[in-house]
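A.B. asks: Structure for the following, please:
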Amino acid sequence: MSGRTRWGALAMGALLLIYLVFTVFYAAQLLRDPQPLVQALGWALVVLPLIGGWAGAAEFVFGFRVEALARRLESEGGLPSGGAALRRGGRAAGDDVEAA
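C.D. replies: So this is what the prediction gives:
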């Protein structure tokens, strides 16, 4: 992963963390309200950051594992050669794929 991509992922992770902190803060305010419906919304806002935090952490773990796998494949010579011509969208052209 390039440095620019890594910094972008870290920036998005930081923004997610800020969002989750504000959501938990707002949920705590809703839970203090005496109305049951408002408290139910507060509990929903407690659950959503937990799901978001889990998903964010899972994405970062996945990214680190993919980087480790790419380094391992590169050191073992298992990465395919990049000799195929690419289409405008980034996919390999049909004839080059069949030849590879």
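A.B. asks: Check which helices and strands the longest helix belonging to the chain is in contact with.
C.D. replies: When the chain is parsed with DSSP state H, its longest helix is helix 36-76. Judged by 3 or more C-beta pairs under 8 Å, 6 or more residues apart in numbering; DSSP states H and E, the packing partners of helix 36-76 are helix 3-31. Glycine gets a C-beta too; all of them are placed from N, C-alpha and C.
A.B. asks: What helices and strands are in contact with the helix it packs on?
C.D. replies: Applying 3+ C-beta pairs under 8 Å, 6+ apart, one finds that helix 3-31 contacts helix 36-76.
A.B. asks: how close does the residue nearest to the spatial centre of the chain get to residue 27?
C.D. replies: Nearest residue to the geometric centre of the chain (C-alpha atoms, centre = their mean): residue 59, 3.9 Å. Distance of residue 59 to residue 27, given as C-beta to C-beta, to the nearest Å: 23 Å.
A.B. asks: tell me the SS of residue 88?
C.D. replies: coil (DSSP: H, G, I helix; E, B strand; the rest coil).
A.B. asks: rewinding a little: between helix 3-31 and the longest helix of the chain, find me the angle.
C.D. replies: 160 degrees (axes from the mean of the first three to the mean of the last three C-alpha atoms, to 10 degrees).
A.B. asks: got a list of what residue 30 touches?
C.D. replies: Applying C-beta atoms under 8 Å, 6 or more residues apart in numbering, we find residue 30 in contact with 38, 39, 41, 42, 45.
A.B. asks: got these as CSV, with distance to residue 54 columns?
C.D. replies: Output for the contacts of residue 30, formatted as CSV (distance: C-beta to C-beta, whole Å):
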residue, distance to residue 54
38, 26
39, 23
41, 21
42, 20
45, 16
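A.B. asks: Can you tell me which of the residues you listed are classed as buried?
C.D. replies: Burial by neighbour count, 16 or more other C-beta atoms under 10 Å: within these this picks out 41, 42, 45.
A.B. asks: picking that back up, report pLDDT for the residue nearest to the centre of the chain.
C.D. replies: Residue 59 is assigned 88 on the pLDDT scale.
A.B. asks: Would you check how far apart it and residue 16 are?
C.D. replies: Distance of residue 59 to residue 16, given as C-beta to C-beta: 9 Å.
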